[in-house]
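Trainee: sequence and predicted structure are below.
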Amino acid sequence: MAKQPKTIFVCQECGNQERKWNGQCRECGKWNTLVEETFRPTPQNKGKLSGSTPGHSDTKPISYKEIKSQDDDRITSGIKEFDRVLGGGIVAGSLVLIGGSPGIGKSTLVAQVSDKLAKTGGKVLYISGEESERQIKMRGERLGLDAENLFVLPETNLEAILTQTERLKPDHVVVDSIQTIFSEKLESAPGSVSQVREVAGQFMMFAKGMATPVFLVGHVTKDGSIAGPKTLEHIVDTVLYFEGDRHHNHRIIRATKNRFGAANEIGVFEMTNQGLVPVGNPSEVFLEERPAGASGSVVTVCMEGTRPMLVEVQALVSGTKFGTGRRMAEGFDYNRTSLLIAVLEKRLGFQLANDDVYINIAGGLEVAEPAADLGVIAAIASSFKNVPIPPETAVFGEVGLTGEIRGVLQAQSRAREAQTLGFKKLILPASNKKGLEKLLGMRVVGVKNLENALDELF
């Protein structure tokens with residue numbers, strides 16, 4: 001029988017296990033991520049069948065029609081934008097992971113949500129692994145928190161935390177942050193792959209067993225992903241990411257995974273001295289500082305989850321000082337930008353090889369859907385020609401490699417949002433035009449290719 005190793009080396013990015021230390025992980029390719037941990041063999045199941053495990057023999061299949069719906073039992077957090085991201089409210093027994101860069105407002109958000117939930121009559125246990133109770137009190141005074149049912153527990157030991165939760169029996173639990181909590185059962189350091197997996201698994205069993213919502217705050221790595229193994233995001237029910245620069249006033253929370261609602265839903269907040277304030281109409285916020293009569297600026301209509309949103313696409317085309325033009329994109333995919341510039345050069349004859357092209361989505365919003373393609377091309381053409389686009393015009397549509405304008409989803413919702421904000425002309429794919437002109441009472445122009453689109457714009 002082969003001798004089992006006493007220690008193993010675990011990648012802190014993907015969780016891959018190695019017998020010996022390597023500079024580079026052979027699974028994910030990251031460097032210097034292998035950390036030595038104590039080896040613990042997985043206990044083998046001695047039963048003949050998995051169903052013979054003690055304590056599970058009473059589990060029987062149940063008819064789908066007999067299962068009661070839980071959607072009507074959602075708990076409101078008291079913050080409308082946060083409820084929107086969660087799919088309409090908090091679901092009992094859900095495990096929610098909130099990630100974001102340092103200083104962007106994660107602790108501020110969970111503190112405000114805890115205060116709102118505690119004021120509705122339920123007990124909220126706020127577990128802090130990074131701050132003392134006095135530091136939390138200072139933040140609470142700044143945010144105006146005064147709930148009596150909000151209990152603070154500065155603790156990092158998982159077993160001690162579970163003991164206190166059994167005594168208090170809270171209705172909601174907040175953990176800030178999961179990378180600071182450790183279990184005595186494991187010898188590895190807090191924040192390691194094994195510790196994060198163990199802590200998340202224990203909180204998941206607690207949430208499901210007690211039907212208590214649990215919010216986990218997670219750190220992010222340099223590339224913007226939540227620190228720890230990718231299995232952490234598979235364990236939880238909902239994953240929320242903070243977007244936006246902390247030097248800007250606006251914060252965007254995006255649901256990248258949600259078992260109880262639509263994924264890719266966003267909530268928009270404004271950071272003030274009193275904490276995060278929900279923004280009711282984000283389109284007005286993103287367009288309020290739009291310059292009048294400036295070339296290289298156009299408004300496009302994007303869908304963020306179930307919400308249509310108008311954003312300003314800015315482009316700057318200037319002569320390069322080097323041999324080849326430079327391309328840069330902020331808030332839009334860089335590779336997609338290069339592809340659209342190539343389409344402009346090939347299909348419309350634009351000579352951009354000797355020009356620097358810069359793309360920016362105003363307001364710090366990240367736009368990923370292809371419906372913004374026409375807006376990006378319109379902004380580049382406007383800056384290249386130095387001709388402004390009429391401010392009452394909005395555009396959207398996907399651009400193909402042959403220069404065709406392809407239809408997009410939810411065109412009616414996009415058009416209604418443009419009309420609500422006072423736009424008089426809307427340029428969209430010809431396949432999406434049917435019925436919109438009569439419905440909206442505004443000028444709707446359907447275009448089939450880029451040549452027709454630019455003729456309408458200029």
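Mentor: Right, received. Where do you want to start? Residues are numbered from 1 along each chain as shown.
Trainee: only C-alpha atoms from now on, for both contacts and neighbour counts.
Mentor: Will do.
Trainee: need the pLDDT of the nearest residue to Leu450 once chain neighbours are set aside.
Mentor: Among residues not flanking Leu450 along the chain, Gly403 sits closest, at 5.6 Å (CA to CA, 6 or more residues apart in numbering). Per-residue pLDDT puts Gly403 at 95.
Trainee: and what of Pro41?
Mentor: pLDDT, Pro41: 58.
Trainee: ok, the residue nearest to Leu450 - contacts?
Mentor: Gly403 sits next to Val343, Arg347, Asn449, Leu450 when contact means CA atoms under 8 Å, 6 or more residues apart in numbering.
Trainee: which one of those residues sits closest to Phe151?
Mentor: Nearest to Phe151 among those is Val343, at 58.4 Å by CA to CA.
Trainee: quick one, helices of the stretch 151-300 of the chain?
Mentor: 158-168, 193-210, 231-235, 282-287 (DSSP state H, counting those that start in this stretch).
Trainee: nearest to Gly78 among the ones you listed would be which one?
Mentor: Closest among the helices of the stretch 151-300 of the chain, once you apply CA to CA, is helix 282-287, at 19.0 Å.
Trainee: mind listing what's buried in that closest one?
Mentor: Residues of helix 282-287 classed as buried by neighbour count (16 or more other CA atoms under 10 Å): Pro282, Ser283, Val285, Phe286, Leu287.
Trainee: how about stretch 151-168?
Mentor: Phe151, Val152, Leu153, Pro154, Glu155, Thr156, Asn157, Leu158, Glu159, Thr165.
Trainee: put the alpha carbons of that stretch into CSV.
Mentor: What follows is stretch 151-168, C-alpha atoms only, in CSV (Å, rounded to 0.1, in the frame of the first residue of the first chain):
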residue,chain,number,x,y,z
PHE,A,151,-26.3,42.2,17.1
VAL,A,152,-22.5,42.5,16.4
LEU,A,153,-20.1,39.6,16.9
PRO,A,154,-16.4,40.3,16.3
GLU,A,155,-15.2,36.7,15.9
THR,A,156,-13.2,34.7,13.4
ASN,A,157,-13.6,31.2,14.8
LEU,A,158,-16.2,29.2,12.9
GLU,A,159,-17.1,26.9,15.7
ALA,A,160,-17.6,29.8,18.1
ILE,A,161,-19.7,31.6,15.6
LEU,A,162,-22.0,28.6,15.1
THR,A,163,-22.4,28.3,18.8
GLN,A,164,-23.5,31.9,19.1
THR,A,165,-25.9,31.5,16.2
GLU,A,166,-27.5,28.5,18.0
ARG,A,167,-28.0,30.6,21.1
LEU,A,168,-29.2,33.8,19.4
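Trainee: domains of this structure?
Mentor: According to automatic domain parsing, the chain comprises the domains 1-41, 75-280, 284-457.
Trainee: what's the closest of those domains to Glu66?
Mentor: domain 75-280 (19.2 Å).
Trainee: could you pull out the strands for the stretch 151-300 of the chain?
Mentor: For the stretch 151-300 of the chain, strands defined by DSSP state E, counting those that start in this stretch occupy the ranges 172-176, 214-218, 238-243, 250-258, 266-272, 275-278, 297-304.
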